[in-house]
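**Student:** Structure of the sequence below:
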Amino acid sequence: MIHVRINTSIYATEDADRVLTAMKKMFIFNQADVVEEPKTELVTLKIDPGIQYEVNVTRIILEFDDTACLSKLQTKIHDNYIQECARSILYDSKTHLDGETFRVSFKIHKQAAFMDVLHFTEMHESPLGPINVDVTSDDIDGFIDWIAPRESREQDAISCKD
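**Tutor:** Residues are numbered from 1 along each chain as shown. I've put the predicted structure just below:
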């Protein structure tokens, strides 16, 4: 059993088509898979945490029961030689839900994704909010090994000789 949930907010200053383009550069999905959910979020200003205001946003939510949607992300992790970095982020976020079920969560910088660059981020590093990815599975270690397999020391040695 595996469940993948990908979501992000679209703020009034953003172009929804550009946000979808950013998501399509990282994930595989059809337009029909997109669920838009209007929502009001409370925003706190970094320069003065005492100032808060509500904004209306649209949330794009993608949900899948397999890992096919993450194939582009898997390729980017491999092509950029960041398997160990990705493994570290995934294992650090691993939480036990119940029984044999675990969840890993990570965030991707939305603006970097638009430029077709994979950049793992924290919430505060992405001014317009990140793309959030949550994967729930009863074999989360198998999922991590699939999306970010351990780098082979032998492959590293061969590539250094080239």
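**Student:** I'd like to know the average pLDDT value across stretch 25-43.
**Tutor:** For stretch 25-43, mean pLDDT rounds to 80.
**Student:** Please spell out which residues along the longest strand belonging to the chain are buried.
**Tutor:** When the chain is parsed with DSSP state E, its longest strand is strand 52-64. Applying a neighbour-count criterion of 16 or more other C-beta atoms under 10 Å, the buried positions in strand 52-64 are V57, T58, R59, I60, L62, F64. (Each C-beta comes from the backbone N, C-alpha and C, glycine too.)
**Student:** Reformat those residues as TSV; add distance to F120.
**Tutor:** Listed next are those as TSV, based on distance: C-beta to C-beta, whole Å:
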residue	distance to F120
V57	22
T58	24
R59	21
I60	19
L62	18
F64	20
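**Student:** List just the nearest of those to E125.
**Tutor:** Within the buried residues of strand 52-64, proximity to E125 (C-beta to C-beta) peaks at V57, which comes in at 18.5 Å.
**Student:** That closest one: what's it in contact with?
**Tutor:** The contact partners of V57, taken as C-beta atoms under 8 Å, 6 or more residues apart in numbering, are S9, I10, Y11, A12, P38, K39, T40, E41.
**Student:** any idea which element V4 lies in?
**Tutor:** Assigned by DSSP states H and E, V4 belongs to strand 2-10.
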